[in-house]
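>>> okay, predicted coordinates and the sequence, questions at the end:
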Amino acid sequence: MIKFEIDPFRKQVLLNGWDDIALTLRAEDKITTSRKASTPRPPGCRSVSASWSGQK
Amino acid sequence: MVRRVMEPFNKLEGVAAPLNMINVDTDMIIPKQYLKTIHRTGLGKALFDEMRFNPDGSEKPDFVLNKPAYRKAKILVAGDNFGCGSSREHAPWALLDFGIRCVIAPSFADIFYGNCFKNGILPITLPQEDVNKLMDDAERVPMPSSPSIWRAKKSAAPMAA
C-alpha cells in the first residue's frame, strides 16, 4: 500500500465535489445578507442607477 | 442554465494506464486546435490527439489508451512534470471527459495541478520509486479483473493508493 497526502482544503473540495462556483455558493447566505445591508456609500461614490437617472 | 455538478471523489476503482513519459505537456494532452470550445464536455475524443491518432483519423494501435486493456482507464501513471506547457484548463477537461479521474506522477506543473482539483481530478505526487512501482504494476496488470483501488476517507486519515 502506498499512502499519500494532499492539501486538506483541496481534499475537502474533492471529497465534496465542490467546484469554484459551489464554493462561492456555500457562502450565499452571507453574500445575500451583505448585499441587503444598507451600508453607507463612501463620499463621492454614486450608484450606477443614480447616475443614469441624472443623465435623463 | 443548468450548472454541471462535480461528482464527489470518495473512492476510485479502475484500470491504471502507464504513460511512461516525462514532460507530458498540455498541448500533448489536448492540442491547440481544440481550444476554441468553452464547453467542458466532449474533449475526451481529442485527448492525446497526436499520440493517439494518425493524421487520417485512424488509431495508433501502440498508444497505451488504444490498447484494449486500457481503453477505459480511470487512472494515468506518468513521468515527471506532467501537465507542463500552456495553462489551458481544457487539459483536465479532456482527461475527465475521457474518464480519467486520477493522475499519478513524481511531479506536476503547478497550474495543471490546481486545475485538476477544480475539475474533480485527483493528482497524486509520489516519490519516483513509488511511481516506478505503480508504472510497473500498470504495465503488468492491465485487466479490469484486478483493479487498483483508491480510497479516500472523510476523516483526517491519509488517503491510500
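Perfect, thanks for sending it. Numbers count the residues shown, from 1 in each chain, chains lettered A, B, ... in the order given.
>>> for burial, what's the neighbour tally of the nearest residue to B:Ser107 once chain neighbours are set aside?
Excluding the flanking residues, the one nearest B:Ser107 by Cβ to Cβ, 6 or more residues apart in numbering or on different chains is B:Asp80, at 5.1 Å. C-beta here means a position set from N, CA and C on the backbone, and glycine is covered the same way. B:Asp80 has 15 neighbours, counted by other Cβ atoms under 10 Å in any protein chain shown.
>>> ok, B:Asp80 to B:Phe9 distance?
To B:Phe9, B:Asp80 is 24 Å away according to Cβ to Cβ, to the nearest Å.
>>> give the contact list for the closest residue to B:Glu139 other than its chain neighbours.
Nearest residue to B:Glu139 in three dimensions, chain neighbours excluded: B:Pro18, at 4.8 Å (Cβ to Cβ, 6+ apart). By Cβ atoms under 8 Å, 6 or more residues apart in numbering or on different chains, the residues touching B:Pro18 are B:64, B:77, B:135, B:138-139.
>>> which secondary structure elements does the lengthiest helix in chain B contact?
For chain B, the longest helix by residue count, based on DSSP state H, is helix B:128-140. Packing partners of helix B:128-140 (3 or more Cβ pairs under 8 Å, 6 or more residues apart in numbering or on different chains; DSSP states H and E): strand B:16-19, strand B:75-78, strand B:102-105, strand B:148-151.
>>> for chain A, see how far away B:Ala17 is.
Separation of B:Ala17 from chain A (Cβ to the nearest Cβ, to the nearest Å) stands at 17 Å.
>>> got the contact list for that residue?
B:Ala17 is in contact with B:64-65, B:70, B:73, B:75-77, B:100, B:138, B:142, counting by Cβ under 8 Å, 6+ apart.
>>> which bits of chain A sit near chain B?
Residues of chain A lying near chain B by Cβ under 8 Å from any Cβ of the partner chain: A:1-6, A:8, A:10-11, A:13-22.
>>> let's see 10 Å
In this structure, chain A approaches chain B at residues A:1-23, A:25, judged by Cβ under 10 Å from any Cβ of the partner chain.
>>> now the buried members of those.
A:4, A:6, A:10-11, A:13-14, A:18-19 (16 or more other Cβ atoms under 10 Å in any protein chain shown).
>>> pretty sure A:Val13 contacts B:Ile121?
No - the criterion here is Cβ atoms under 10 Å, and A:Val13 misses it with B:Ile121 at 11.2 Å.
>>> which residues are common contacts for those two?
The contact sets of A:Val13 and B:Ile121 overlap at B:6, B:9 (Cβ atoms under 10 Å, 6 or more residues apart in numbering or on different chains).
>>> any weak-confidence spans in the chain?
Since no chain was named, I'll use chain A. Scanning chain A for pLDDT under 70 picks out A:38-40, A:46-56.
>>> chain B was what I was after
Residues of chain B that meet the cut-off, pLDDT under 70, sit at B:1-4, B:141-161.
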